[in-house]
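> just a sequence and a predicted model for now, questions to come.
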Amino acid sequence: MVQSKKQRYLFLSFCLLPTFIVFCIFTVYPMLGGLYYSFFDWSGTSSVKEFIGFDNYKQLLRDSVIPKAILNDYFFVFVKVLGIMILSLFFAVALTQLRIKEAPFYRIVFFFPNIMSVVVIGILWQFIYDPNIGIVNSLLNAIGLEQWAKPWLGDMTWALPSIAIPAIWAGIGLFMLLLMGGITNISKSLYEAAEIDGASEWQQFWKITVPLIWPQIKTSIIYIVITSLNGSFVLVQVMTGGGPGNATEVLGSYLYQRAFEDFKFGYGAAIGVLILVISLLTVIILQFVLKKEKVEY
Amino acid sequence: MIRALSRLAVRIPLLIWSFIVVFPLIWMFIGAFKTNAEIFASPWALPQKFNFHNFIAAWTDYNIGSAFLNSLFVTLLGTLLCLAFSIPTAYALERLRFKGSEILLNTYLASMMIPSVLGWIPLFFLLLKLNLLDNLWALSLIYAVSHIPFTIFILISFMGNVPKELEEAATIDGMSPYGILFKIVTPLVKSGIITASILNAISFWNEYFMALILLQQESKNTLGVAMDLLKTNAQYESAWGVLFAGLCIAVIPVIIFYTIFQRYIVKGMTEGAIK
C-alpha cells in the first residue's frame, strides 16, 4: 500500500510537474513581473532600475493619450460585439434551419478569415483602402461617387471605423460555428409544437432559438470583449501604428510604442496593468448584465 | 424556421458575404501575378500573363522562404510541445482526483482571461537574461506554454467521454498508470488531440507580436514579422506584386490545411468542447 501510494505520487508529479513548472516560468512569472515592473523607472538598457512607487500610475492619469486609447478600445469592443453577433447569428440561423443545400460551402468559406494571420489581414486591408491602388476608392470612382474617395487610413475620422471593418470581417466565422453548434442541439419538436400553437417564425426565433442558445451567445460576447480588449492592437499596429495623430491608438499599441520603441519599460508595464484592470472590470460587469436564468425546455 | 423570408431571399446575404470574404483573397491572388504597372493601371484587371516572378522574388530576395521554414519549425515544435505538456496534465486533472485538482484546473483556466500583453516586458527580459532571445526553440516553447490552458480545456472534455471501465480493466490486467495514459487514453482522445492541435498550429503559424518582440535577426524571422518587413520594403521600392505574392505564400498553406481538416474544428465546437 505504501509502495502504491508512492507510485501514485510519482505518477501525479510526472503528469503535473513539468507543465506546472513551465507555466510558472513563462506565464505566471511574466504576469506578476508586469505588475512589479510598473513601479519602476527603467529604460531597459541601464542596469539601474529606480523604484518610483506609483509615479507611473500618476503619469497615466495625466497622459492625454490614455483616455483616447481607452475610448478607442471600447469603440472596437462595441462595434465588434454588435457587428459580429448580428451577422453570425443571422448566418447561423440561415445555415442550420433553412436546409440550404450549399450550407457546407458557406460554412467553410466564412471561416477563411479566422485562419488568416492578423498581419496578413492588416496588410491586405491596408491595400484595399490604399488611395491609389485600393479597391474601395476605385469602386467609388467606378460608380460615380468620386467625392467619397479618401485616404481611409490617413483620415482622422475614418481611420478607426476602417480598422473595425476587417476586425469584424475576420471574426464572423468562429462565432457563426459556435452558434450553429448551439442551434443544432435544439430539439426540432420545440419548433413543431410552436408551429401548432401558431407562433410566427419571428416569435420562434426570439422565444425558442435565442433563449436556448443564450449560453453560447453569452460566451461569444464575453469572448469577443476579452479578445478585443487584449488583441485589437495587433491590427492597429499593423495598419496605422496608432496614427494619424493618435486617432487609432489603443492601449495595447500604446504600450508597445512606449516600451519597445521609446524604452519606457516601467511605464509600458503600468499600461499593461491598466489593460488587465479594464478587461477584468469589463468582464465582471458583463457577467452581471448578461446574467439570465438558464432555460430548460 | 423563418420560412417567411424565403430561402431565396436568405441566399442573397449569404452570397454577398461570401463575396466580401472571397473577393479580397482573389484580388490578392491575382495581384501576386501582376507587374507594378498593371497594379496601378487597374486594380480589377487580370494580369497579362501568369508568371511566378513575384513569388520567386518574395521567396528569395525578401527572405519569405527562410521565414516560411522558421514558421514551419515553430508551428510543429510548438504544437508537439503543447501536447506533451497538456495530455498528461489534462488526464491527471480529469481522471485522478487529488487534493487541489480543482484549484489547479481553475488556475490554468483563469490565466486565459489575463491579457498576454501584461507579460511581454518581463518575458523579454527573462529571455534576454537566459540568452534565449532570437531563439526559435525558445519561441516554440513560449508558444506551447501560452496554449497549455486552452489545450487542457479541450482535452478534458474529450477525456470525460472515455469509459472508466477500460482503465479499471487495464489496471486489473496489471498495466501501469503510464501505460493506461499513453496506450489507452491517448489513442481514444485522438480527435480531441487533432482538434486542439489544428487550432494551436493555426495560431502559432499566424503569431506576430511575440515573434516581433522576441526575435531580432532577420534570418530568424517568422512569417508574420517577415511580412511586416516586406510591407515596409515594398512601400519604398513599390514592389506591390511581390508583397501580394508574399501574402499568398503566408495564407495558401493554412487555407489548404484548414479545408482538409475543417471537419475536426466543426466537430470540436458542436460536440461542446468550446462551450
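Thanks, I have it.

> doesn't B:Ala144 make contact with B:Leu81?
Yes. Assessed by C-beta atoms under 8 Å, B:Leu81 is found in contact with B:Ala144 at 3.6 Å. C-beta here means a position set from N, CA and C on the backbone, and glycine is covered the same way.

> quick one, which of the two is more surrounded?
B:Ala144 (26 against 21; other C-beta atoms under 10 Å in any protein chain shown).

> B:Arg7: what's it in contact with?
Residues near B:Arg7 by C-beta atoms under 8 Å, 6 or more residues apart in numbering or on different chains: A:98-100.

> helices along the stretch 101-250 of chain B, start to end?
Counting by DSSP state H, counting those that start in this stretch, one finds helices in the stretch 101-250 of chain B at the ranges B:101-111, B:117-129, B:136-146, B:148-159, B:164-172, B:177-179, B:186-188, B:190-206, B:209-214, B:223-237, B:240-270.

> distance to B:Leu69 and mean pLDDT for those - can I get that in a markdown table?
Formatted as a markdown table, the helices of the stretch 101-250 of chain B follow (distance: least, C-beta to C-beta, whole Å; pLDDT from 0 to 100):
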| stretch | distance to B:Leu69 | mean pLDDT |
| --- | --- | --- |
| helix B:101-111 | 31 | 94 |
| helix B:117-129 | 22 | 92 |
| helix B:136-146 | 10 | 97 |
| helix B:148-159 | 25 | 92 |
| helix B:164-172 | 41 | 90 |
| helix B:177-179 | 35 | 92 |
| helix B:186-188 | 29 | 93 |
| helix B:190-206 | 12 | 92 |
| helix B:209-214 | 14 | 93 |
| helix B:223-237 | 10 | 89 |
| helix B:240-270 | 12 | 87 |
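
> in TSV: the ones you listed, plus distance to A:Ala199.
Output for those, formatted as TSV (distance: least, C-beta to C-beta, whole Å):
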stretch	distance to A:Ala199
helix B:101-111	39
helix B:117-129	47
helix B:136-146	47
helix B:148-159	34
helix B:164-172	44
helix B:177-179	54
helix B:186-188	43
helix B:190-206	37
helix B:209-214	49
helix B:223-237	50
helix B:240-270	26
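
> next, format these as a markdown table and append distance to chain A.
Output for the helices of the stretch 101-250 of chain B, formatted as a markdown table (distance: least, C-beta to the nearest C-beta, whole Å):
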| stretch | distance to chain A |
| --- | --- |
| helix B:101-111 | 6 |
| helix B:117-129 | 3 |
| helix B:136-146 | 4 |
| helix B:148-159 | 6 |
| helix B:164-172 | 11 |
| helix B:177-179 | 4 |
| helix B:186-188 | 12 |
| helix B:190-206 | 3 |
| helix B:209-214 | 6 |
| helix B:223-237 | 5 |
| helix B:240-270 | 4 |
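
> just give the closest residue to the residue nearest the centre of chain B, not the sequence neighbours.
For chain B, the residue sitting closest to the mean C-alpha position, by C-alpha atoms, centre = their mean, is B:Ile202 at 1.8 Å. Once flanking residues are discounted, B:Ile202 sits nearest to A:Ile115: 5.2 Å by C-beta to C-beta, 6 or more residues apart in numbering or on different chains.

> what's the burial count for the one you found?
Residues contacting A:Ile115 under the criterion other C-beta under 10 Å number 23.

> pretty sure it contacts B:Tyr258?
Yes. Judged on C-beta under 8 Å, A:Ile115 makes contact with B:Tyr258 at a distance of 4.8 Å.

> which residues are in contact with both of those two?
B:Ile202.

> residues contacting the residue lying closest to A:Phe111 once chain neighbours are set aside?
Spatial nearest neighbour of A:Phe111, excluding adjacent residues (C-beta to C-beta, 6+ apart): A:Gly173 at 3.5 Å. Listed by C-beta under 8 Å, 6+ apart, the contact partners of A:Gly173 are A:88, A:110-114.

> okay, A:Gly173: pLDDT?
The model reports A:Gly173 with a pLDDT of 91.

> how about A:Tyr29?
We have a pLDDT of 95 for A:Tyr29.

> quick one: residues contacting the closest residue to it other than its chain neighbours.
In space, and not counting its chain neighbours, A:Tyr29 is closest to B:Pro122: 6.6 Å by C-beta to C-beta, 6+ apart. For B:Pro122, the contacting residues are A:29-34, A:36-37, A:269, by C-beta under 8 Å, 6+ apart.
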